[in-house]
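A.B. asks: turn this into a structure:
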Amino acid sequence: MALRLSIMNPFPWMFFCCALTISADVTVTSVRPSGASLDTSLRNEVDNALHQAAIWFRAQQHQDGSWGESNRVRLTSMTLLALKASRQPASSESCARAAVWLDGSSTNRIDHLGTHAWRLLAITYMLPDEPARTTLLRRLAGQALAAETGASTEALTFWHEALAAAGMASSVQTDSCASNRLTQIAASWPPVLTNNADAWQLARLINRSSHGQLVRDNRPLDWRSDLAKHILNTQRRAPDGGGYWKASNLDGRIEETAFGVLCLLEL
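C.D. replies: Next comes the predicted model:
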């Protein structure tokens, strides 16, 4: 798919200008709310893991700016969000090409609301808060109206979170189900995790539903350090192109690595 760079379509130029100029590396909303930080040693390990993952991501990117094969919109959106939020300067051009591809791949037909939520989140983080960004985000939000009908509860919740991040909806409120789940999580901490998606969802739940606090018997748990060590210990880091997390195929590795990075950014 050719990049749609023309005066008739200003958005690709906006993506490239944002990525290739220093002034455009704007501060966006943090991936996680403010809270306790990791200790210096662990933070350095996390920073190195993010750097290694970014190198691996750039090596896997298609020439057209996308990632993956089976669901390129979802995988490209996840990877773009992970790269942009981790603020790796060497990834600026990769992020710009990915954003152009995402804009070019959007149509009036949205097959899966959850996938479109990833696209909206990625572009929200990619662009500075300017009128052109608002116009694009509103267009993307409008394309999803038909897809909301019949969507799963999980997809609808994630879509609402994406809209909130884009400034087009109020923040998702904590409900009794989330509070009960947090109590259960704290009682059985540390968790048994089989993939990075579960770790990311767990970190998001704690950050958004209890202001980054997980308490058992009136004692705060150091859950950030526990999750960081788990994620770091499962990453493949090696001179011959490490930096990813294992899965049965390349698409799976891209997804696991994106979730690994996003989880680390929550800590």
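A.B. asks: pull out the buried residues from stretch 158-173.
C.D. replies: By neighbour count with 16 or more other C-beta atoms under 10 Å, stretch 158-173 contains the buried residues 158-163, 165-166, 168. All C-beta spots, glycine's among them, are computed from the backbone N, C-alpha and C.
A.B. asks: ok, and for whichever strand or helix holds Leu136, which residues are buried?
C.D. replies: Using DSSP states H and E, Leu136 maps to helix 131-143. Across helix 131-143, burial judged by 16+ other C-beta under 10 Å covers 133, 136-137, 140-141, 143.
A.B. asks: between which two of these is the distance greatest?
C.D. replies: Spatial extent of these (C-beta to C-beta) is set by the pair Arg133 and Gln143 at 16.0 Å.
A.B. asks: can you say which helix or strand has Leu38 in it?
C.D. replies: Going by DSSP H and E, Leu38 is not in any helix or strand.
A.B. asks: report pLDDT for it.
C.D. replies: Looking at Leu38, its pLDDT reads 90.
A.B. asks: what's around it, how many residues?
C.D. replies: Neighbour count for Leu38, taken as other C-beta atoms under 10 Å: 18.
A.B. asks: re earlier: centre of the chain to the helix holding Leu136, how far?
C.D. replies: Counting by C-alpha atoms, centre = their mean, to the nearest Å, helix 131-143 is centred 19 Å from the centre of its parent chain.
A.B. asks: now stretch 181-200
C.D. replies: 19 Å.
A.B. asks: any buried residues in it, and which?
C.D. replies: So for stretch 181-200, counting by 16+ other C-beta under 10 Å, buried means 182, 185-186, 193, 195-197, 199-200.
A.B. asks: and of the residues you listed, the nearest to Leu120?
C.D. replies: For the buried residues of stretch 181-200, the nearest to Leu120 is Trp200 (17.5 Å; C-beta to C-beta).
A.B. asks: does the closest one count as helix, strand or coil?
C.D. replies: helix (DSSP: H, G, I helix; E, B strand; the rest coil).
A.B. asks: contacts only, for it.
C.D. replies: 259-260, 262-263, 266 (C-beta atoms under 8 Å, 6 or more residues apart in numbering).
A.B. asks: redo the residues you listed as TSV? Include secondary structure, distance to Thr124 and neighbour count.
C.D. replies: Output for those, formatted as TSV (DSSP: H, G, I helix; E, B strand; the rest coil; distance: C-beta to C-beta, whole Å; neighbours: other C-beta atoms under 10 Å):
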residue	secondary structure	distance to Thr124	neighbour count
Phe259	helix	18	21
Gly260	helix	21	26
Leu262	helix	14	24
Cys263	helix	19	25
Glu266	coil	17	25
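A.B. asks: and which of the residues you listed is nearest Arg97?
C.D. replies: Proximity of the contacts of Trp200 to Arg97 (C-beta to C-beta) peaks at Leu262, which lies at 20.2 Å.
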